[in-house]
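> after the sequence you'll find the predicted model.
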Amino acid sequence: MIEGVNDQQWRVISVLAFALYMLFPIVIIGLYVKQYKESGIIGLIGFVLAALGAVINSCMLFDMAFVWPILSIHAPELIDFSGPLFRASIFSVAHNLIVYLGTIGFIVFGIAMIRAKVFPRFGAVLFTIGMPLTGVILFPPFILRAIGSILAGASLFWKGIILIKGKLNEERSA
């Protein structure tokens with residue numbers, strides 16, 4: 001684990017994932033508002049779980065991107081799999097909340113998005129696959145996390161363009 005933290009790939013992916021998750025609460029509110037009627041109760045449940053999971057995950061990703069590389073040099077035993085961080089029950093609880101809340105929320109919200117048919121189906125599928133992979137893959141190889149970040153980022157970028165174009169068209173019509 002310690003070797004992976006000092007790797008340039010770890011840093012780039014962790015910083016990008018952190019940036020994605022910092023923007024995610026704003027984005028998911030926009031996505032939910034755009035389709036709340038069509039997505040129904042499933043969309044609401046997915047929205048709440050995904051938003052909570054994303055907030056918790058952004059805290060973890062901050063540490064992984066900016067704190068763990070320093071710890072790996074000055075106190076590597078803290079982030080070793082057999083070290084105190086991974087043995088601490090509070091860490092396990094937080095990590096499990098990320099895994100369960102985020103993953104289930106992203107999948108449920110993605111399914112609601114697919115069913116609502118407000119956004120293109122392919123973009124909703126990218127979201128449903130990509131978002132869970134961005135936050136729950138903690139261990140090497142990090143390729144799944146990178147793939148998830150690319151899929152999720154593309155999906156969110158695409159939906160952002162759709163939302164902005166829709167807003168611009170509404171303003172022109174008024």
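Looks like it came in fine.
> name the single longest helix found in the protein.
The helix that spans the most residues within the chain, counting by DSSP state H, is helix 8-62.
> now do the helix or strand following it: which elements does it pack against?
Secondary structure here is assigned by DSSP states H and E; on that basis, the next helix or strand after helix 8-62 toward the C-terminus is helix 68-74. If you count contacts as 3 or more Cβ pairs under 8 Å, 6 or more residues apart in numbering; DSSP states H and E, helix 68-74 packs onto helix 2-5, helix 8-62, helix 76-79. All C-beta spots, glycine's among them, are computed from the backbone N, C-alpha and C.
> which strands or helices does the longest helix of the chain pack on?
Checked by 3+ Cβ pairs under 8 Å, 6+ apart, helix 8-62 has helix 68-74, helix 89-97, helix 103-116, helix 121-136, helix 143-173 packed alongside it.
> dump the first one to PDB, keeping only the CA atoms.
The C-alpha atoms that make up helix 68-74 are tabulated as PDB, following Å, rounded to 0.1, in the frame of the first residue of the first chain:
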ATOM      1  CA  TRP A  68      -1.400   9.900   2.800                       C
ATOM      2  CA  PRO A  69       1.600  10.800   0.600                       C
ATOM      3  CA  ILE A  70       3.100  12.700   3.500                       C
ATOM      4  CA  LEU A  71       2.300  10.000   6.000                       C
ATOM      5  CA  SER A  72       3.900   7.400   3.700                       C
ATOM      6  CA  ILE A  73       7.200   9.200   4.100                       C
ATOM      7  CA  HIS A  74       7.100  10.300   7.700                       C
END
